[in-house]
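J.: What follows is a predicted structure for the sequence shown.
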Amino acid sequence: MRLSPSMARATRFDHPIEQRWVMVDAAGRSLGRVASVAAGLLMGKHKPAYSHDKSCGDHVVIVNAAKLVLTGNKLKQKKLFHHTGYLGGVKLVPYRELFPDRVDVILHHAVNNMLPKNRLRTRTLRRLKVFKDATHTLPVKNMEAYTW
């Protein structure tokens, strides 16, 4: 059965989008758990007005990223893949070179791969902020802490 355009407009979620700031503490947590929580909050899956075609998620601030835990052999075996676009332009950087200093790159990459591959992904990733320690420089007053 085909819906008329007026009926399709009436069935869409047209709720006002309210974006909050949520702080996630990554100290002692595994990489995948933190990335999946951040991806869910960025997409807005926890909201009753969630819609896959709108950017209705929250702003996510991850603190204490340097105290993140990599389980298994990820530190030795896992590599960050990047292609320059030229022939033979594959760049593979092992996680052991990135982990203490560039943990924000690792988290961005993990969250990026957990988001849906559509045109909202780049806009959604702009709302993710990663800080190595507990201090952040964002001028946000009403930031909520995510509880596990």
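T.: Right, received. Where do you want to start? Numbering: from 1, shown residues only.
J.: so where's the protein uncertain?
T.: For the chain, applying pLDDT under 70 flags the ranges 1-14.
J.: Recalculate using a threshold of 50.
T.: By pLDDT under 50, the weakly predicted segments of the chain are 11.
J.: Please identify the helix or strand for residue 92.
T.: Residue 92 belongs to strand 90-94 when assigned by DSSP states H and E.
J.: mind listing what that strand pairs with, with the direction of each?
T.: strand 79-83 (antiparallel) (DSSP bridges).
J.: List the contacts of the partner strand.
T.: 89-95, 98, 105-106, 109 (Cβ atoms under 8 Å, 6 or more residues apart in numbering). (Glycine included, C-beta is placed from N, CA and C.)
J.: Reformat those residues as a markdown table; add neighbour count.
T.: Below are the contacts of strand 79-83 laid out as a markdown table (neighbours: other Cβ atoms under 10 Å):
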| residue | neighbour count |
| --- | --- |
| 89 | 9 |
| 90 | 10 |
| 91 | 10 |
| 92 | 8 |
| 93 | 14 |
| 94 | 14 |
| 95 | 21 |
| 98 | 18 |
| 105 | 15 |
| 106 | 22 |
| 109 | 17 |
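J.: For the residues you listed, give me JSON lines that also has distance to residue 116.
T.: Output for those, formatted as JSON lines (distance: Cβ to Cβ, whole Å):
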{"residue": "89", "distance to residue 116": "27"}
{"residue": "90", "distance to residue 116": "25"}
{"residue": "91", "distance to residue 116": "25"}
{"residue": "92", "distance to residue 116": "26"}
{"residue": "93", "distance to residue 116": "26"}
{"residue": "94", "distance to residue 116": "28"}
{"residue": "95", "distance to residue 116": "25"}
{"residue": "98", "distance to residue 116": "25"}
{"residue": "105", "distance to residue 116": "21"}
{"residue": "106", "distance to residue 116": "20"}
{"residue": "109", "distance to residue 116": "16"}
